[in-house]
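Peer 1: Turn this into a model:
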Amino acid sequence: MSISLPTRRLALPLLAMSLAACGHGDAKVKPADVDQDAPATATEQEAAAFTAPRDSVISDEQVAKYLKTSLLQFDLIRKESGGIHDKIAEMDKRAKDGGTLAALRNIADAGSTMAHAGDLIGGSYVRSARSLGYNPAEMEWVRDRMGEVGAYLTAKPMLEMQVQAAQQMRAQAEQMKAQAGSGYSAADLQQLTASANEMEANAKGADQARSVMANVAVLHRARPAVSEPMWTTITFAGGALGMASMAGFADPNNQETQKKLDELRTVYQAALDNRVAPGMENKPAPAPAH
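Peer 2: Residues are numbered from 1 along each chain as shown. Sure thing, here's the model as predicted:
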């Protein structure tokens with residue numbers, strides 16, 4: 001009995017989810033195994049099969065799934081980008097040859113090539129998750145949580161500096177109170193202390209939602225050997241800005257973006273292996289200025 005194409009595409013995500021339930025979801029999946037004709041977004045069935053926890057906290061298992069999905073995504077982007085480059089090279093050759101027919105063909109190919117590149121970046125994560133036997137709706141939710149953590153970790157050094165500056169300001173105010181003839185009135189010093197307290201409260205209050213801090217703790221528990229600079233890189237790449245920066249990865253001749261892809265993949269693989277990537281060790285916090 002033959003299976004129609006729409007039915008086959010619907011059956012593939014369900015089959016992948018069934019394999020995951022049986023424990024065979026992520027066994028030796030390669031980019032060539034990813035169905036590029038499968039939906040680039042989570043299907044209604046996949047979305048209905050996942051219910052996000054009310055506390056918005058990810059699990060240790062989801063951390064591993066996220067890392068594996070991203071690694072396959074990187075490899076898929078590298079594999080598929082070759083075809084995009086070949087199409088662009090073909091268009092360049094036509095343009096040099098000239099002619100009305102060549103120009104018309106290039107106009108048609110330009111649209112399909114741009115659509116292919118957009119589909120590759122936009123759909124690679126979802127298709128990678130599905131091919132590993134994970135629910136894409138769940139993995140998109142995990143990626144969003146990682147993006148939230150990334151925003152916090154990126155801002156964390158600045159927030160810590162603000163806390164230090166506030167503590168120094170308050171210490172100076174206390175020191176000047178004890179010194180006669182400092183030139184500052186009691187009201188001035190009181191205002192200085194109040195400003196320091198407000199600055200510290202604002203910085204500490206920016207610790208994000210309780211779920212974000214809980215998810216930071218999950219990352220450290222799930223992969224205790226992974227450094228904070230690594231988690232900052234990984235979680236930032238999982239956010240909206242990180243995904244937008246992947247657009248350049250579709251060009252295999254862009255050495256700079258390909259180097260970034262290699263570096264990113266190295267960090268994700270080290271995190272999956274629960275080890276520190278070269279050059280991404282935790283650095284001691286700078287000593288407060290006096």
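
Peer 1: from here on, contacts and neighbour counts on C-alpha atoms
Peer 2: OK.

Peer 1: Run through the helices of the chain in chain order.
Peer 2: Per DSSP state H, the chain carries helices over the ranges 5-21, 44-48, 60-97, 100-131, 136-178, 186-205, 210-222, 228-237, 240-244, 255-272.

Peer 1: Worst mean pLDDT among these?
Peer 2: Across the helices of the chain, helix 5-21 has the smallest mean pLDDT, namely a mean of 41.

Peer 1: what sits against the nearest residue to residue 148 once chain neighbours are set aside?
Peer 2: The shortest distance from residue 148 to any non-neighbouring residue, by CA to CA, 6 or more residues apart in numbering, is to residue 212 (6.6 Å). Residue 212 sits next to 57, 145, 148, 149, 152 when contact means CA atoms under 8 Å, 6 or more residues apart in numbering.

Peer 1: Same check on residue 52?
Peer 2: 138, 141.

Peer 1: Can you give me the distance of it to residue 58?
Peer 2: Computed as CA to CA, to the nearest Å, the residue 52 to residue 58 distance reads 9 Å.

Peer 1: same deal with residue 169?
Peer 2: Residue 169 is 38 Å from residue 58, by CA to CA.

Peer 1: neighbour count winner among those two?
Peer 2: Neighbours were counted for residue 169 and for residue 58 using other CA atoms under 10 Å; residue 58 has more, 22 against 19.

Peer 1: Name the nearest residue to the more buried one, sequence neighbours excluded.
Peer 2: That would be residue 215: by CA to CA, 6+ apart, it lies 6.2 Å from residue 58.

Peer 1: and that neighbour, how far is that from residue 138?
Peer 2: For residue 215, the distance to residue 138 - CA to CA - is 16 Å.

Peer 1: Next: residue 209.
Peer 2: Residue 209 is 20 Å from residue 138, by CA to CA.

Peer 1: cool, residue 43 as well?
Peer 2: On the measure of CA to CA, residue 43 and residue 138 end up 12 Å apart.

Peer 1: Equivalent analysis for residue 65, please.
Peer 2: 10 Å.

Peer 1: What of residue 232?
Peer 2: 22 Å.

Peer 1: ok, residue 43 and residue 138, which is more surrounded?
Peer 2: Per other CA under 10 Å, whichever of residue 43 and residue 138 has more neighbours is residue 138, with 21 against 17.

Peer 1: Could you list which residues are in contact with the nearest residue to that one once chain neighbours are set aside?
Peer 2: Nearest non-adjacent residue to residue 138, counting by CA to CA, 6+ apart: residue 50, 5.9 Å away. Listed by CA under 8 Å, 6+ apart, the contact partners of residue 50 are 135, 137, 138.

Peer 1: one more time with 10 Å
Peer 2: Residues near residue 50 by CA atoms under 10 Å, 6 or more residues apart in numbering: 135, 136, 137, 138, 139, 141.

Peer 1: rewinding a little: name the residues contacting each of residue 43 and residue 138.
Peer 2: In contact with both residue 43 and residue 138: residue 49, using CA under 10 Å, 6+ apart.

Peer 1: Find residues that contact each of residue 52 and residue 58.
Peer 2: The contact lists of residue 52 and residue 58 share 141, 142, where a contact means CA under 10 Å, 6+ apart.

Peer 1: Quick check: the residue nearest to residue 58 touching residue 56?
Peer 2: Yes: applying CA atoms under 10 Å as the test, residue 215 and residue 56 come out as touching, 8.4 Å apart.

Peer 1: Now the common contact residues for those two.
Peer 2: residue 145.

Peer 1: Please identify which of these two sits among more neighbours.
Peer 2: Between residue 215 and residue 56, residue 215 has the larger neighbour count (other CA under 10 Å), namely 21 against 15.

Peer 1: so what's that one up against?
Peer 2: Contacts of residue 215 by CA under 10 Å, 6+ apart are 56, 57, 58, 59, 60, 63, 145, 146, 148, 149, 221.
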